[in-house]
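Novice: Pasted the sequence and its predicted model underneath.
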Amino acid sequence: MKKKIIIPNTEPLLGKEELKELAESIKAKWISGGPKLKEFQEKIARLCRVKHAIGVCNGTQALYVGLKALRVGEGDEVIVPDFTFIASANVVVWAGAKPVFVDVDRRTFNIDPEKIEKAITKNTKAIMPVHIYGQAAEMPQIMKIAKKYKLLVIEDAAQGIGVSYGGKPVGGFGEVGCLSFYADKIMTTGEGGMVLTNDDEIAKRCTILLNQGRTGRG
């Protein structure tokens, strides 16, 4: 019988500051949304240098809402790296579109820009680069390809909070960027995610999708 090998992951760093914030939210009875979420969104927007940061329940929902806000759906194709967490591809299917897998660079494990163009068809609607393991994808090249073929870009920056390319934070290159605050991410809230965008209309669509058609308070 083969011996089972367990490779431990890093533990989330939680201490007195987190307990204090949690206690304050419970005492204020803001256990969903509220002023602390608003403050967090504003701080993430500043960190990522984007106009809008919209909080969601996890990184997977951030990707799904981002795709729907970009109106990706039936008949569309989204280019996705073949080395990523399965949620990157799953959300494309959930949105009603088809994931088209492109190989990654063996040095960085990020999507290989030179192979993206070969995968583009008349049905391609968007490219989803993933900033894997805290390494930024080759965004200038990817954005150039997207502009050439008039494609949308949705960045999966679940593992890229605080990461920059050429001094510009990831998540702010494309029309939409998505973050995750899951337990094993760079910054954690236990569960949680964020949709990033500089587009007012896209931000409005995200809010409508998340808030049962409402743009105001829930």
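Specialist: Received, thanks.

Novice: can you pull the contacts of the residue nearest to Ala89 when sequence neighbours are not counted?
Specialist: Nearest non-adjacent residue to Ala89, counting by Cβ to Cβ, 6 or more residues apart in numbering: Pro99, 4.3 Å away. Heads up, the C-betas are built off the backbone N, CA and C, glycines and all. Going by Cβ atoms under 8 Å, 6 or more residues apart in numbering, Pro99 touches 77-78, 80, 88-89, 92-93.

Novice: Bridged to the residue nearest the centre of the chain, which residues?
Specialist: Nearest residue to the geometric centre of the chain (Cα atoms, centre = their mean): Cys178, 1.8 Å. Following DSSP bridges, Cys178 is listed with bridge partners Asp156, Val195.

Novice: need the contact list for it.
Specialist: The contact partners of Cys178, by Cβ under 8 Å, 6+ apart, come to 59, 62-63, 66, 154-158, 171, 193-196.

Novice: now swap in Lys115 and tell me
Specialist: Lys115 sits next to 102-103 when contact means Cβ under 8 Å, 6+ apart.

Novice: roughly how far apart are it and Lys36?
Specialist: Going from Lys115 to Lys36 by Cβ to Cβ, to the nearest Å gives 43 Å.

Novice: Any regions of the protein where pLDDT drops low?
Specialist: 1, 9, 217-218 (pLDDT under 70).

Novice: Could you verify that Val93 is part of a strand?
Specialist: No - Val93 is assigned helix when assessed by DSSP: H, G, I helix; E, B strand; the rest coil, not a strand.

Novice: Please name the spatially closest residue to it (chain neighbours excluded).
Specialist: Computed as Cβ to Cβ, 6+ apart, the closest residue to Val93 that is not its neighbour in sequence is Pro99, at 6.6 Å.

Novice: One more: Val104?
Specialist: Here the residue nearest Val104, using Cβ to Cβ, 6+ apart, is Phe83, at 4.5 Å.

Novice: and what of Asp199?
Specialist: In space, and not counting its chain neighbours, Asp199 is closest to Glu175: 6.2 Å by Cβ to Cβ, 6+ apart.

Novice: same question, Gly177
Specialist: Nearest residue to Gly177 in three dimensions, chain neighbours excluded: Gly171, at 2.9 Å (Cβ to Cβ, 6+ apart).
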